[in-house]
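Colleague: give the three-dimensional model of this entry:
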Amino acid sequence: ASGDPCDPCATWCDAISIRAGYYGDYVFDRVLKVDVNKTFSGMAATPTQATGNASNTNQPEANGRPNIAYGRHMEDAEWFSNAAFLALNIWDRFDIFCTLGASNGYFKASSAAFNLVGLIGFSAASSISTDLPTQLPNVGITQGVVEFYTDTSFSWSVGARGALWECGCATLGAEFQYAQSNPKIEMLNVT
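Modeller: Modelled structure (predicted):
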């Protein structure tokens, strides 16, 4: 501060600061809901007999079929982010911030939550048959477990947080953050 109480810039300059640091966000045991449509298309008709060859496995169902993943949840989700952050602080109460760093994750759920599908009951004419690539999956596989690990990839975020109410040493605040990362699957296990 300039020491001059009449200086209109004195309080404004003292009210703003820049903060920089490390941001670590480690999320464990999250239960995430799968966001899918109620129906999906592109599958052949469900086999109607317990034995024998399935027919019309190269023709998609006319109306689609109920999506077995609809309403399902991931049993376990873990997400790890390490980043540098830069924040503009106003009056020691509000931050507008951004982060740049890296993220990776682990996800596990039943095969139904991942829409794992298969082709059951198709018998090719020979071991080098060209018919197989034209066939469509006809069943949803629901008894398996799928888990996958992602690689570490670039991530960024922007957000704001602030203290809304204070009473003594207790503070009530709120935070909003939008984060983006596009990792690729590094390892996939289906059991």
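Colleague: grab the nearest non-local neighbour of the residue nearest in space to the middle of the chain.
Modeller: Here the mean C-alpha position of the chain is nearest to the C-alpha of Leu32 (C-alpha atoms, centre = their mean), at a distance of 8.3 Å. Of all residues not flanking Leu32 in the chain, Met74 sits nearest, at 4.3 Å (C-beta to C-beta, 6 or more residues apart in numbering). All C-beta spots, glycine's among them, are computed from the backbone N, C-alpha and C.
Colleague: so how far is Asn67 from that neighbour?
Modeller: Note on Met74: its distance to Asn67, by C-beta to C-beta, to the nearest Å, is 16 Å.
Colleague: can you list the strands that the strand ranked longest in the chain pairs with?
Modeller: For the chain, the strand with the greatest residue count under DSSP state E is strand 94-110. The pairing partners recorded for strand 94-110 under DSSP bridges are strand 76-90 (antiparallel), strand 145-150 (antiparallel), strand 153-167 (antiparallel).
Colleague: picking up where we left off before, thought the residue nearest to Leu32 was touching Tyr106?
Modeller: No - using C-beta atoms under 8 Å, Met74 is not in contact with Tyr106; the gap is 10.2 Å.
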